[in-house]
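Student: Here is the input, now give the coordinates:
(one chain, ligands or ions: 3)
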Amino acid sequence: MPVEFVAKPEDRFAFGLWTVGNRGRDPFGDAVRPKIETVDMIKGLADLGVWGISFHDDDLMTFGAPEAQRQAEVEAFKKALDETGLVCSMATTNLFHHPVFKDGAFTSNDPSVRRFAMQKVMRNIDLAAELGAPTYVFWGGREGVETAAAKDTRDALSRYAEALDFLAGYVLDKGYGMRFALEPKPNEPRGDIFLPTVGHALAFISTLEHADMVGVNPEVAHETMSGLSFYQAVAQAVWQDKLFHIDLNDQRIGRFDQDFRFGSEGIKDHFFLVRLLENSGYAGAKHFDAHAYRTEDVAGVWDFARGCIRNYLALAAKAREFDQDPRVAEAMAYSGVAELAEPTVGPYSSESAARLKAESFDVDVLATRGFGNEALDQLVIDHILGIA
Ligand code: DIG
Ligand code: MN
Ligand code: MN
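Tutor: Numbers count the residues shown, from 1 in each chain. Ligands and ions are numbered 1, 2, ... in the order given. Below you'll find the predicted structure:
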């Protein structure tokens, strides 16, 4: 009998409207499944125990529609949230679909396009604030180049920073209490996208006027596309108190952005990721930015949504079992895991410097130490496989 994993709102799982709303289009084929109406998506996710919903402005409101139609679409969304108890956990702007953004949005060479992009964001920030979204995501899907001749990256980053500083100023001026989360990606749809990894984004944030209200929204697929460890990227973001949001999905290295169901590929990586999110006190949305395989019908879309949640909860249970296993504590003690948490020298003083320089070390003895990582990692595998 399969083990049941039931999500509760306090788990803070969230989905974007565009995830269960994905109709299976790809660069080589048209939609394969019918549109699910927004109200039905929200009710279906509420039935799964989901807590939050996120949206791009254009997911919710028809681009360019008359104000009355936009308002009607927003009211229907609000009504569905009220009726289901779901919250708006994040909002973001579609600055990538319309042809006007083909050369970028904040970094388009055309100043009018840059100003239109900022206006589009401001309008959706107002709605996000009205809906109580605590986080606003910026994924610069079109902020990049195919040829470096087209843009001086230094100018592009200056325009990017200028836009974010201005928009942060707008949020502060309005008193919205919202935070920004930058979502890195190395490429696709652009040949090279600016701010390609979490590392680039963290460095960029440090240059911003309102850096304290800007963090990152790492996505599994995007860091993996770069060949980097998503777990390590998230661990540094947590260490810098900059994990403001997270896009959970799955991905095979060296492929296009697959946005697979969470837990469908990198089981071991996700074991460590879920263990970190659960043990680090991360209180943000566990947001799935993924979609069902193109092979799926609407029933398969709900299999996909259930699978994202099931895999997260199953890995969280495995991580708890691992951390409660006395053999793990013993193996970690042998590996010296807790010793790394001890300061090496502490704050500088001339006395401590003199002591350190006078200290003697038996390097050959130190070099003989074995750290027992094979036995420790085998316990990880044993717990993941359920054979511990
Ligand atoms: C793609 O991974 C991006 C867009 O879906 C959206 O702007 C953002 C929201 O998490 N992720
Ligand atoms: Mn993606
Ligand atoms: Mn994403």
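
Student: Could you check how far residue 74 is from ligand 1?
Tutor: Residue 74 sits 19 Å away from ligand 1 when distances are taken as Cβ to the nearest ligand atom, to the nearest Å. Yep, even glycine has a C-beta here, placed from its N, CA and C like the rest.

Student: My guess is that residue contacts residue 59. True?
Tutor: No: with contact defined as Cβ atoms under 8 Å, residue 74 and residue 59 do not form a contacting pair (11.8 Å).

Student: Looking at these two, which has the bigger crowd around it?
Tutor: Using other Cβ atoms under 10 Å as the criterion, residue 74 and residue 59 rank with residue 59 on top: 20 against 15.

Student: Against residue 179, how distant is that one?
Tutor: Going from residue 59 to residue 179 by Cβ to Cβ, to the nearest Å gives 21 Å.

Student: Next, report how far stretch 348-366 is displaced from the centre of its chain.
Tutor: From the chain centre to the centre of stretch 348-366 is a distance of 43 Å (Cα atoms, centre = their mean, to the nearest Å).

Student: Show me which positions of it end up buried.
Tutor: By neighbour count on 16 or more other Cβ atoms under 10 Å, the buried set for stretch 348-366 is empty.

Student: Look through this protein and state the residue closest to ligand 1.
Tutor: residue 139 (3.6 Å; Cβ to the nearest ligand atom).

Student: what's the nearest residue to that residue if we skip its chain neighbours?
Tutor: For residue 139, the nearest residue in space outside its immediate sequence neighbours is residue 183; the separation is 3.9 Å by Cβ to Cβ, 6 or more residues apart in numbering.

Student: and what of residue 272?
Tutor: The shortest distance from residue 272 to any residue other than its chain neighbours is 4.7 Å, reached at residue 231 (Cβ to Cβ, 6+ apart).

Student: Could I get the phi/psi values of that neighbour?
Tutor: Torsion angles at residue 231 (phi, psi; degrees, to the nearest 10) stand at phi -60, psi -50.

Student: mind checking how far it is from residue 269?
Tutor: From residue 231 over to residue 269 the distance is 6 Å, taken as Cβ to Cβ.

Student: Over to residue 384?
Tutor: Here residue 384 is placed at a distance of 11 Å from residue 269 (Cβ to Cβ).

Student: which stretch of helix or strand covers residue 164?
Tutor: Secondary structure assigned from DSSP states H and E places residue 164 in helix 153-174.

Student: Quick one: residues in contact with that helix.
Tutor: Residues from elsewhere that reach helix 153-174, judged by Cβ atoms under 8 Å, 6 or more residues apart in numbering: 104, 106-107, 114, 117-118, 121-122, 125-126, 129, 136, 138, 140, 143, 177-178, 180, 182, 194-195, 204, 207-210, 213-214.

Student: which parts of that helix are buried?
Tutor: Judged by neighbour count (16+ other Cβ under 10 Å), helix 153-174 contains these buried residues: 156-157, 159-161, 163-165, 167-168, 171.
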